[in-house]
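In: Task: produce atomic coordinates for the following.
(one chain, ligands or ions: 2)
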Amino acid sequence: MSIYSVDEYISRAKAYVAAGGENALRHACLELRYCIESIVYQKLGKVGKVLPRSVYRTWQPPQALKRLLSFEPHADQDATVSYCVPANDGAPSGEWSPLGDYRMFPVKWLNENYHKLGKFLHVPSLKEAESPAKVTAEMLHEIINEVERVASANVVMSVNMVAVEPCTVCQSDMYFSQAQVDAGSEIECYNEKCGAKHSIIKVGDKFRVERAGRFSMPCKRCGQRMAIEDIEHGEHKACWSCGQLHVFGWCCAAVPTTTDD
Ligand SMILES: [Zn+2]
Ligand SMILES: [Zn+2]
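Out: Ligands and ions are numbered 1, 2, ... in the order given. Predicted coordinates:
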């Protein structure tokens with residue numbers, strides 16, 4: 001029995017692939033998408049109680065794994081978890097004993113394959129219909145192998161601390177881990193319409209988040225402040241609050257001249 005409880009879905013996916021034919025292969029895609037989603041969400045569910053389910057369930061797995069990587073920079077790499085007895089100062093000492101193996105999809109693999117499976121689950125758009133992607137048993141075998149590898153893990157690791165702070169621009173929640181505090185990382189507002197970047201400044205055993213050195217401007221319609229990060233000439237940006245579009249550009253104007261007469 002897999003730690004992620006996805007065995008049923010894997011067996012059904014295999015049965016559909018064995019049956020062959022376009023219709024059965026599509027059903028296999030659905031089972032495999034379900035496996036991937038289930039594994040990634042279960043991993044996110046371990047990220048402390050601070051990160052509510054209602055937040056991460058709105059993310060698609062590739063986005064979820066990207067967020068997870070910001071919490072745990074090695075979350076998409078396999079690892080062996082061991083344990084030992086700590087010394088009086090809390091540092092590890094004595095012999096390490098193996099506890100189990102942690103497995104996760106590499107984020108690049110997840111991006112490619114999650115979207116690939118999704119393509120076969122909807123009617124192709126006009127553009128896609130010109131050169132429709134073909135679902136093959138070989139492609140699904142490769143995906144099944146990777147899902148089985150990850151599902152063979154016997155440990156799901158979690159992050160030891162996740163903190164939440166409001167974005168200084170739109171007040172949406174921003175989540176980050178102790179690893180990010182220690183590294184003085186840059187974090188981004190979770191509201192995709194805002195995306196304001198902040199620095200985490202560690203002060204002793206505390207920290208604060210700030211946008212020092214970054215620019216924001218008031219919306220021309222509602223007056224709410226909008227974060228401006230790297231704006232290019234001619235770029236459009238909508239206000240996170242009212243949706244008003246703004247266009248940015250260099251302007252030139254005549255410099256008043258002083259005359260002697
Ligand atoms: Zn924000
Ligand atoms: Zn506005």
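
In: Quick one: check stretch 173-190 for contact with ligand 1.
Out: Yes: applying CB under 5 Å from the ion, one finds that stretch 173-190 is in contact with ligand 1 at residue 189. C-beta here means a position set from N, CA and C on the backbone, and glycine is covered the same way.

In: same deal with stretch 213-228?
Out: No: Stretch 213-228 lies out of reach of ligand 1 by CB under 5 Å from the ion, never closer than 6.6 Å.

In: what is the rounded mean pLDDT of that stretch?
Out: Averaging pLDDT along stretch 213-228 gives 91.

In: What of stretch 148-156?
Out: On average, stretch 148-156 scores 88.

In: can you list contacts of that stretch?
Out: Stretch 148-156 has contacts (CB atoms under 8 Å, 6 or more residues apart in numbering) with 2-4, 6-7, 10, 35, 39, 42-43, 46, 81, 99-105.

In: Report all helices and strands that the lengthiest strand in the chain contacts.
Out: Across the chain, the longest stretch assigned as strand under DSSP state E is strand 92-102. On a contact count with 3 or more CB pairs under 8 Å, 6 or more residues apart in numbering; DSSP states H and E, strand 92-102 meets strand 79-86.

In: and the strand it packs on with strand 92-102, angle?
Out: 150 degrees (axes from the mean of the first three to the mean of the last three CA atoms, to 10 degrees).

In: export strand 79-86 as CSV, just CAs?
Out: The C-alpha coordinates for strand 79-86 follow below in CSV (Å, rounded to 0.1, in the frame of the first residue of the first chain):
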residue,chain,number,x,y,z
ALA,A,79,16.1,12.0,-0.1
THR,A,80,16.8,9.4,2.5
VAL,A,81,15.6,10.4,5.9
SER,A,82,17.7,9.3,8.9
TYR,A,83,17.6,10.0,12.6
CYS,A,84,20.0,10.0,15.6
VAL,A,85,20.1,11.1,19.2
PRO,A,86,20.9,14.8,19.8
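
In: element containing residue 232?
Out: Assigned by DSSP states H and E, residue 232 belongs to no helix or strand.

In: Oh, that last question was meant for residue 135, not what I typed.
Out: Applying DSSP H and E, one finds residue 135 in no helix or strand.
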